[in-house]
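**Q** 3D model of this:
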Amino acid sequence: MELWDRLVTIGKTIVAYALLIIFFLFCWFILGIRDTKLMVVIFFSLVIVIAFVVVFFHEQKAKKPKLYIGNLKRVHNRPSLQTPYLRIYGEVWNVGKRTAHNCKIKVVAYQGTVKAIDTEISLGSIDSNRKKSVDENIYYNGENLTSTTIHPEWTDKKKRKD
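**A** Numbering: from 1, shown residues only. From the prediction side, this is the model:
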């Protein structure tokens with residue numbers, strides 16, 4: 001998701017500078033402003049305004065919650081004569097500046113090309129710079145798991161009770 005956010009930010013910046021160039025051309029051709037010094041002042045004033053807006057929105061985004069699952073472990077257990085399970089354990093940290101709500105760990109595991117596990121581990125809310133411990137067993141049937149993905153999901157806002 002971070003790559004997508006970066007691409008969106010780059011796209012917005014490109015659009016902002018394109019609008020700046022269009023405004024510059026509008027002043028030059030339509031309004032007939034031919035004073036180079038005035039155009040330079042207008043141009044750099046708008047560059048400063050755009051830079052301020054980009055920095056402001058970046059700072060606002062930096063205040064959002066962000067979950068970190070770097071130390072979350074997964075262990076495949078196949079006890080004899082018992083149901084196999086995937087153990088997920090460790091800590092989930094909120095390294096963001098605000099509380100993360102409706103936190104969950106999305107777990108997807110495959111046996112070859114067959115999806116054996118597709119579940120979520122609910123964690124509730126995690127305050128800024130706090131952690132929640134996780135220790136869950138997820139039972140499944142069949143062959144050994146060939147691949148497992150784990151990623152966090154959360155929202156910025158509490159769910160409203162209807």
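
**Q** Can you pull out the low-pLDDT segments for this structure?
**A** Counting by pLDDT under 70, the ranges of the chain that qualify are 1-6, 57-62, 159-162.

**Q** all strands in it, in order from the N-terminus.
**A** Applying DSSP state E to the chain gives strands spanning 67-68, 73-77, 85-94, 100-111, 114-126, 131-139, 147-155.

**Q** By residue count, tell me the biggest helix in the chain.
**A** helix 36-62 (DSSP state H).

**Q** that older thread, which one of the strands of the chain lies closest to Ile22?
**A** The minimum distance between Ile22 and the strands of the chain falls on strand 147-155, with 36.9 Å, by CB to CB. Placement of C-beta: from N, CA and C, glycine included.

**Q** Against which helices or strands is that closest one packed?
**A** strand 67-68, strand 73-77, strand 85-94, strand 100-111, strand 114-126 (3 or more CB pairs under 8 Å, 6 or more residues apart in numbering; DSSP states H and E).

**Q** ok, the third one: who's next to it in the sheet?
**A** In the sheet, strand 85-94 lines up against strand 67-68 (antiparallel), strand 73-77 (antiparallel), strand 131-139 (antiparallel) (DSSP bridges).

**Q** now these in TSV, with mean neighbour count and distance to Thr83?
**A** Shown next, in TSV, are the strands paired with strand 85-94 (neighbours: other CB atoms under 10 Å; distance: least, CB to CB, whole Å):
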stretch	mean neighbour count	distance to Thr83
strand 67-68	18	30
strand 73-77	13	10
strand 131-139	14	5
